[in-house]
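S.K.: Give me a model of this one.
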Amino acid sequence: MSTNKLLYGLLALIVLGMLSASMLFERIEPGEIGVRQGLWGEGGVVEEDFAAGYHLGITGVHKWHILDRRSHFIHFAEESSQLSASRRHKNSKRELPLEIRTADNNVVALDVTVVYRIKEGQGHKLVEKGAQHDYSNRVTSKVEGLLREELSKLTPEDFQNTEKRLASVEAALPLLSDSLDEFYVEPEKILIRAVRFLPSYEEKLQQKQLAQQQERLATAQRHVEDAEKVTGSIEKKTEALEKEATAEWNKQLQEMQSVNEVAINEIRAAAVRYENQVKPEANKNYDVALAEGKLAVDRAEALRDELRNAALDTAGGRILQARNAAENLQIESVTLNSNDPSVPSIIDIDALTKLLIGGDAPAESD
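M.R.: Residues are numbered from 1 along each chain as shown. Alright, predicted model coming up:
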C-alpha cells in the first residue's frame, strides 16, 4: 500500500513540475521570433528578439508574441499559376495579378513574387508599434503601390526584353527596401514570373514579332548570300593558287628527277669503268695466285712422298711395313702343327713380322 502511495506521489510531482514549467517557461520554435511583454508595472515590451529555446515567461506576469523568422512570400498571380500548394502556408500570401498600364497606354498583367523577411533583431519593434498582426497586409499594400509605380515606366517592348525587365526589378529593390523600413522588414527578391498582354495586343504583338523575325530572316539570308559570294571568290582564288603551286611542284620534281637520273648514269658509268680496269687485273692476280698455290701443293706432296719413301727404306721402315702387313693379313683358315714349333702362330705379331722381313725383328719397346 505504501508503494502505491509513493508512486502516486511521484506521478503527482511530475505532473505538477510539468504544469509549473509550462507556466514559468515559454518554448520558442526554430524559425520563430519570441517577443516578451511585461504585463505589470513598468514592464512593457522587452527590447530583444528571443531565439529558439526555452525562456522565462511567467503566466499572468509576461505575455509572449510569436513572429515568423522565415522568409515571407507575396504572390501576385492567378490561382492556377501558383507555384505549388506546398508554398501556400502562413507566411505566403496570394494577391491578384498586377495590372500595369504602360506609358503607351497598353495594359499588361504580371505574375510577380516578392520575398521579404523581418530584419534581424527588430521583431520587438513591430510589437512595440502594435503592428504584429497586420504588418503583412500593410507590407503587401506598400509593395503593390511601389511596383505599379516603377513597372509602369516600362514599355511593352521593355517587358519583352529579359535584360531590361531584370534591370527594372533590380532597380526597384533598394527603393522597396527604403519603403519597407517603417515595418522593420527587408525585401530579398523580386521575381517577374509571367507577362501577359490583352488578347488584341497579343495578336498585334505576335504579328510584329513575326515581321521582325521575317526581317531578321531576310537579313540573315542576305548575309548568307554575301558570305557565299565571298566564299566562292576565295574558293576560286584557292583553286588558282593550288594549280599554280602544283605546276611549280611538278616542274621542280621533273628537274630533280632529271638531275638524279644524270647523277645515277654517271655513277653507273664510273662503276663500269672501274670494273673494266680492276677486274682483269684481279683475274690475273687470281690465276697467278692459284697457279702458285697449286705448285706449292705439288711440291709439298712430292716432298712428302720423298721423305716417306726415304723413311720406309730404312730398317725401321721395313719393320713398320712388315708389322702393318702382319696386322692386316686376312687368313680364312689355319692348320696348326703342334709337333713343329717353328710354324708361327697368327696371333704372334712379332713372329709374323720376323717371317715377313726374313730376319730377326727387333723387340718392341714399351
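S.K.: Is Val114 in a helix, a strand, or coil?
M.R.: strand (DSSP: H, G, I helix; E, B strand; the rest coil).
S.K.: Might one say that it is in contact with Phe73?
M.R.: Yes: counting by Cβ atoms under 8 Å, Val114 does reach Phe73; the two are 7.5 Å apart. C-beta here means a position set from N, CA and C on the backbone, and glycine is covered the same way.
S.K.: More neighbours: the two, which one.
M.R.: The neighbour comparison of Val114 against Phe73 (other Cβ atoms under 10 Å) goes to Val114, with 27 against 20.
S.K.: what sits against that one?
M.R.: By Cβ atoms under 8 Å, 6 or more residues apart in numbering, Val114 lies in contact with 73-74, 76, 143, 147, 176, 187, 189-191.
S.K.: so what's it closest to, chain neighbours aside?
M.R.: Closest residue to Val114 apart from its sequence neighbours, by Cβ to Cβ, 6 or more residues apart in numbering: Ile74 at 4.5 Å.
S.K.: Count the neighbours of that neighbour for me.
M.R.: Residues lying near Ile74 (other Cβ under 10 Å) number 23.
S.K.: same deal with Ser136?
M.R.: 19.
S.K.: Name the next helix or strand following whichever strand or helix holds it along the chain.
M.R.: Ser136 is part of helix 135-151, with elements assigned from DSSP states H and E. Later in the chain than helix 135-151, the nearest helix or strand by DSSP H and E is helix 156-160.
S.K.: So what's the gap between the helix or strand following that following helix and the chain middle?
M.R.: Sequence-wise, the next helix or strand downstream of helix 156-160 (DSSP H and E) is helix 162-179. For helix 162-179, the separation from the chain centroid amounts to 41 Å (computed by Cα atoms, centre = their mean, to the nearest Å).
S.K.: what do you get for stretch 163-181?
M.R.: Relative to its chain's centre, stretch 163-181 lies at 42 Å (Cα atoms, centre = their mean).
S.K.: What is the least confident helix or strand in the chain?
M.R.: For the chain, using mean pLDDT, DSSP states H and E, the weakest element among its helices and strands is helix 2-24, scoring a mean of 61.
S.K.: which residues touch whichever helix or strand comes after it?
M.R.: Per DSSP H and E, the first helix or strand lying C-terminal to helix 2-24 is strand 25-28. Strand 25-28 has contacts (Cβ under 8 Å, 6+ apart) with 34, 36, 50-57, 62, 64, 66.
S.K.: Any buried residues in the helix holding Ser136, and which?
M.R.: 135-136, 139-140, 142-144, 146-147, 150-151 (16 or more other Cβ atoms under 10 Å).
S.K.: now the helices: where do they sit in the chain?
M.R.: Assigned helices in the chain, in chain order: 2-24, 123-129, 135-151, 156-160, 162-179, 199-312, 315-327, 349-357 (criterion: DSSP state H).
S.K.: of all those helices, which lies closest to Asp104?
M.R.: Shortest separation from Asp104 across the helices of the chain is recorded for helix 156-160, at 7.0 Å, computed as Cβ to Cβ.
S.K.: Who are the packing partners of the closest one?
M.R.: Using 3 or more Cβ pairs under 8 Å, 6 or more residues apart in numbering; DSSP states H and E, the elements in contact with helix 156-160 are helix 162-179, strand 185-197, helix 199-312.
S.K.: Switch these over to CSV; also include mean neighbour count.
M.R.: Formatted as CSV, the helices and strands packed on helix 156-160 follow (neighbours: other Cβ atoms under 10 Å):
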stretch, mean neighbour count
helix 162-179, 14
strand 185-197, 17
helix 199-312, 10
